[in-house]
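S.K.: Dropping the sequence and predicted coords here.
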Amino acid sequence: MEDFIANAALLSGQLVHQCEKAAASQASAAADLRGTAAEVRKEVLAGKAEITHNAKSAVREVLSQEIPAAVEAIAQAGDRLTRITEQLARDQAVAGAHMRKLGWKALGALLLASALLIGVTGYIASNNLARAASASVDAEILEALRSVSITSCDGQPCVKLSDGQARWTKNDDYILVDTSAAEGAPVP
């Protein structure tokens, strides 16, 4: 039983460790995605600045020919940023679902281990109460044996008891015990 409890505790510890490891992994992935988004943002801003510069140059050279190309580049950069943002949102949703699943598993393992521990404790307490009751009966028997004397009367066992009992003829303080009848009788 102690091995089971130890195994349950190890399993619980391992699940908690896996949860923590998964959380660290997800946090690292989220940080990487934020870093990538920041780099993309920088690239978009740098691209925007470059496009703005090129647009001004183009306006100076040929205003009507370069403006559509600049608008297309800005639209593509915006589309790329939108796709990256959507991917980040999907990754975070998957990570959150995984974390919740690991959390529920760890909680379930802890609840199972707790219920098992409570059951084992109840079983042990029940056994201890039964032992205490048995010890109480044994103590009563020992107390009763202190009030009698067991000896041998002419080679036969005899017991010294209180008044009113059938007595041994040589000494009225003792009664004779019939051991032949007791051998076949069940012991209480």
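M.R.: That came in fine, so what should we check first?
S.K.: Pull the contacting residues for the residue nearest the centre of the chain.
M.R.: Among the residues of the chain, L110 comes closest to the average C-alpha position under CA atoms, centre = their mean, at 1.9 Å. For L110, the contact set (CB atoms under 8 Å, 6 or more residues apart in numbering) comprises S12. C-beta here means a position set from N, CA and C on the backbone, and glycine is covered the same way.
S.K.: What ranges does the protein have for its helices?
M.R.: 2-146, 179-184 (DSSP state H).
S.K.: now the longest one: mean pLDDT?
M.R.: Averaging pLDDT along helix 2-146 yields 83.
S.K.: How is this protein divided into domains?
M.R.: 2-144, 148-182 (automatic domain parsing).
S.K.: one step back: with distance to N171 added, can I get the helices of the chain in JSON lines?
M.R.: As requested, these are exported to JSON lines (distance: least, CB to CB, whole Å):
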{"stretch": "helix 2-146", "distance to N171": "20"}
{"stretch": "helix 179-184", "distance to N171": "19"}
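S.K.: isn't A29 right next to A95, touching?
M.R.: Yes. Using CB atoms under 8 Å, A29 is in contact with A95, at 6.7 Å.
S.K.: residues contacting the closest residue to V16 other than its chain neighbours?
M.R.: Excluding the flanking residues, the one nearest V16 by CB to CB, 6 or more residues apart in numbering is A106, at 5.5 Å. Contacts for A106 were tallied using CB under 8 Å, 6+ apart; they are 12, 15-16, 19.
S.K.: where's A106 relative to A46, distance?
M.R.: Using CB to CB, to the nearest Å, one obtains 45 Å as the distance from A106 to A46.
S.K.: Next: E2.
M.R.: 64 Å.
S.K.: With L15 instead?
M.R.: Distance from L15 to A46, by CB to CB: 46 Å.
S.K.: Neighbour count: those two, which is higher?
M.R.: L15 (18 against 11; other CB atoms under 10 Å).
S.K.: residues contacting that one?
M.R.: Counted by CB under 8 Å, 6+ apart, L15 has contacts 102, 105-106, 109.
S.K.: hmm, which of the residues you listed are the buried ones?
M.R.: 102, 106, 109 (16 or more other CB atoms under 10 Å).
S.K.: Now distance to E86 too, for those residues, in CSV please.
M.R.: Output for the buried ones among the contacts of L15, formatted as CSV (distance: CB to CB, whole Å):
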residue, distance to E86
L102, 25
A106, 31
A109, 35
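S.K.: okay, now L81: neighbour count?
M.R.: Residue crowding around L81 was assessed by other CB under 10 Å; the count is 15.
S.K.: Check the one 5 residues further on too.
M.R.: The number of residues packed near E86 is 10, by other CB under 10 Å.
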